[in-house]
Each structure stands twice: as structure tokens, then as C-alpha cells.
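Participant: Provided below for reference: sequence and predicted model.
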Amino acid sequence: MTGRLLAIARRARPKAPMEELGEVELSPEFGVKGDFRGRPGRRQLVILSAEDWADAQAELGGEPSPWTVRRANLLVAGMTLSRGPAARLRIGEILVELTGECDPCEVMDRQRPGLRAALEPGWRGGRTARVIEGGRLRVGDAVAEAEDA
């Protein structure tokens, strides 16, 4: 199954607003260039499924919030993100390894009341990931489970 990268975002420091980008460089050394979480480790970036975000927003009702409220780095659509151990995704020219669930925290409820609970079922809060092979990402890049890893 192949999906698409719908959006890219980063934040320079904790609690800073998210900055949306049309393209960005990623590497195993710094994750998303310019993002404060970039140091090597299991959580260099967060990947959010547009379908999961839409389900959470539908559960909340009312006017949908922008995806950047979730504070994720990549928004993808058209595929189911694996919950399995060490699953890998090819996104454009980069390779990432999914390292786990990104548990929603109390910040979500400060962004929008009830959001934390709406993100908890089915790993709707996204996946943490680390960069295995770096390169340049662009909105619109293909996203697929990596067969070449």
C-alpha cells in the first residue's frame, strides 16, 4: 500500500509553535533539520496518519483543529501505519524506522479539551520514529512500507 506525505512541520524548541514546511532535510544525526527533538534516539520525529487525525476530530465534534495541534512532524495519508516492532517506511528518498506509539499527553487537552482521550484509541496519536537513511523530504512524496531495508 502506498500513501502520500501531506505535510511537514517542526518546532525549534519545546512549547514553540509548529512551523509548516514544503520540504526539509532529515538525517540520522539531527532528525528533522531545525527541530529540537532531532538528536539520535528512538524519538527523532513523530508521524501522524491523516485518517487517524480525522477520526479523532470526528469524535470531538465541532470545528476540526489543524493537524499541527498534535505537534507531529509528518502527516501522511492513504496507508495504515504499522504497530509492529521495527517496521520501516520509505518516504520519498528517506528511510525511517517506527519505534513505537506516540502517547498523547496533557498538552493535547490544553490545545483542545478532550483531544488527549480522542487520540488514545488505536494509536491515533501517531508513531515515534528515527531516521535510518537521510535525505530531502517534500510534501507529496510517496510513503510505503520499506521492502529494501
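Facilitator: The structure has been received and is ready for your questions. Numbering: from 1, shown residues only.
Participant: which ones are touching residue 47?
Facilitator: 72-74, 76, 81, 89, 96, 98, 126-127, 129 (CB atoms under 8 Å, 6 or more residues apart in numbering). (C-beta placed from N, C-alpha, C; glycine too.)
Participant: one more time with 6 Å, if that's ok
Facilitator: By CB atoms under 6 Å, 6 or more residues apart in numbering, the residues touching residue 47 are 74, 126-127, 129.
Participant: which one of those is nearest residue 51?
Facilitator: Nearest to residue 51 among the contacts of residue 47 is residue 126, at 11.6 Å by CB to CB.
Participant: Contact partners for the closest one?
Facilitator: Per CB under 6 Å, 6+ apart, neighbours of residue 126: 46-48, 72, 102.
Participant: Which of these fall in strands?
Facilitator: 46-48 (DSSP state E).
Participant: In CSV, list these along with pLDDT.
Facilitator: Formatted as CSV, the ones in strands among the contacts of residue 126 follow (pLDDT from 0 to 100):
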residue, pLDDT
46, 96
47, 97
48, 97
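Participant: can you redo those residues as CSV with distance to residue 133?
Facilitator: Compiled in CSV, the ones in strands among the contacts of residue 126 are given as follows (distance: CB to CB, whole Å):
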residue, distance to residue 133
46, 19
47, 16
48, 21
